[in-house]
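J.: Turn this into a structure:
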Amino acid sequence: MNLDKLKPGQECKLIDVHLTGANGQRLMDMGFMPGVKIKVLRNAPLTDPVELEIRGYNVSIRHAEARYIEVSL
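T.: Numbering: from 1, shown residues only. I've put the predicted structure just below:
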């Protein structure tokens, strides 16, 4: 399952980030590492961005990026 499919309030565990290059490195720098727990807080009114809680802080990413983050419930 990919992170962009989750609804606000759902929690998951990150399995893998399937982005390479600068975008993949940026996500890893923000704490998107395998095994970390993620909670979806809210989606913006026009669907972008999605706000997440990861490692005790809030971060917003685009749905286009969330599509490449594999998670399990």
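J.: could you say what helices and strands the top helix by length along the chain packs with?
T.: Identified as the longest helix of the chain according to DSSP state H is helix 21-29. Contact partners of helix 21-29 among helices and strands, from 3 or more Cβ pairs under 8 Å, 6 or more residues apart in numbering; DSSP states H and E: strand 11-17. The C-beta positions use only the backbone N, C-alpha and C, and glycine is treated the same way.
J.: send the alpha carbons of the helix or strand that comes right after the longest helix of the chain over as PDB?
T.: Using DSSP states H and E, the helix or strand that follows helix 21-29 in sequence is strand 37-43. What follows is strand 37-43 as a C-alpha-only set of coordinates in PDB (Å, rounded to 0.1, in the frame of the first residue of the first chain):
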ATOM      1  CA  LYS A  37       5.700   5.100  12.300                       C
ATOM      2  CA  ILE A  38       3.700   7.700  10.400                       C
ATOM      3  CA  LYS A  39       0.300   9.200  11.200                       C
ATOM      4  CA  VAL A  40      -1.800  11.000   8.600                       C
ATOM      5  CA  LEU A  41      -3.000  14.200  10.200                       C
ATOM      6  CA  ARG A  42      -4.900  16.000   7.300                       C
ATOM      7  CA  ASN A  43      -5.200  16.600   3.600                       C
END
